[in-house]
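J.: Generate a structure from the sequence data that follows.
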Amino acid sequence: MSSVSRSSVSRRCRRTRRGTRSAGVIGTVLATIVATVVVGTAVLTPPAAGIVGGRATQPGELPFMVSVQSADRTGPAAHFCGGSVLRKRLVLTAAHCVSDRRPQDLRVVVGDHRLDGSVGRAHAVDKIRVHPRYAATGTHDVAILRTTTPMRVPRLRIVGARNNAFETNGARLTVAGWGATFFLLGPLSNVLRAVDVRAVADPACLLNGLMGFRPGTEMCAQTLAGDSCQGDSGGPLFGRRADGRPVQVGVVSYGLGCATPLFPGVYAELNSPAIRPFLVATVRAEAAALRKAARRAAKRARARARG
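T.: Modelled structure (predicted):
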């Protein structure tokens, strides 16, 4: 059993600074890495900049990206987590981003490339569905937000239940967000950024066991000096099919710092048998609820028309 509790894991939510892992634990682990991991005379670098090591995306390049924001703030200061469009009125994000929030405290913004831009559209949130096992386990780190109005942007499809190709060691993936430019010190990136990473097979993610890594519900991904960071929590980890269409395989969850050598970023695994049924059931239930509400609204409209 891990000697480091999951409550001390460094989450990637801006509001919680990617969690509450103590400075002492981070310092001890990083000191060990710096002291022992040497290539020739060069020491591997500590947490680096970015969505770490990434690139600025182009406007409209990732239309399914969502900025999850505090409803009582404006501009870049409002953003605290990422997300992806799951359906016209559903956003997929991380449970740790919203588990202690009320719907009226939130808004989601879609179609925005820059956090200080005016091209995006904000939508109020009227429902939060957190995975029922998140509170008890600290894993199963997914949640679904329902918006009050439809989001007129493309959705990001979820990986199939039996499609494990994107989880094989070395599989090419991408993670995107408006995250911090330097772990604990840097501001958010005003421009949406992305970084290409590689999937890390569960047996090769052993050191993350120190943070309570759960291979049944989580997966790892990394690249040299590249990673997600604070403010990227809830955002999508996605690959591309042979036809170029994106498919989401994970949700940004936690890690040790950002781009820390030997500690890949950890993501909620969306085709996990413990996570996928929650997503499918929630989508179906919300679709049924919306259809029922539409029928009621139509019935009321007909009644008014008859006078």
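J.: would you list every one of the helices in the protein?
T.: Using DSSP state H, the helices of the chain run over 23-36, 95-98, 134-137, 276-306.
J.: Go through these and find the least confident stretch.
T.: Among the helices of the chain, helix 23-36 has the lowest mean pLDDT, at a mean of 42.
J.: Dump the helices of the chain into TSV; add distance to residue 211 and mean neighbour count as well.
T.: In short, each C-beta sits where N, CA and C put it, glycine included. Output for those, formatted as TSV (distance: least, C-beta to C-beta, whole Å; neighbours: other C-beta atoms under 10 Å):
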stretch	distance to residue 211	mean neighbour count
helix 23-36	9	13
helix 95-98	14	28
helix 134-137	14	13
helix 276-306	23	12
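J.: Same list, these, but as a markdown table with distance to residue 173 please.
T.: Output for these, formatted as a markdown table (distance: least, C-beta to C-beta, whole Å):
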| stretch | distance to residue 173 |
| --- | --- |
| helix 23-36 | 24 |
| helix 95-98 | 21 |
| helix 134-137 | 23 |
| helix 276-306 | 18 |
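J.: Give me the phi and psi angles of the residue positioned nearest the centre of the chain.
T.: Residue closest to the average C-alpha location in the chain (C-alpha atoms, centre = their mean): residue 234, at 2.2 Å. Residue 234 adopts backbone torsions of phi 90, psi -20, taken as degrees, to the nearest 10.
J.: So what pairs up with the nearest residue to it once chain neighbours are set aside in the strands?
T.: Distance criterion C-beta to C-beta, 6 or more residues apart in numbering; nearest residue to residue 234, sequence neighbours excluded, is residue 93 at 3.4 Å. On the basis of DSSP bridges, residue 93 is bridged to residue 143.
J.: Now that residue 93 has come up, it's in contact with residue 251, right?
T.: Yes. When contacts are counted by C-beta atoms under 8 Å, residue 93 is listed as touching residue 251 (7.0 Å).
J.: got any residues that touch both of these two?
T.: Common contacts of residue 93 and residue 251 (C-beta atoms under 8 Å, 6 or more residues apart in numbering): 142, 234-235.
J.: Straight-line length of stretch 55-70, end to end?
T.: End-to-end distance of stretch 55-70 (C-alpha to C-alpha, to the nearest Å): 26 Å.
J.: Please apply the same query to stretch 158-168.
T.: End-to-end for stretch 158-168, by C-alpha to C-alpha: 17 Å.
J.: Quick one: distance of that stretch to the chain centre.
T.: Chain-centre distance of stretch 158-168: 17 Å, with C-alpha atoms, centre = their mean, to the nearest Å.
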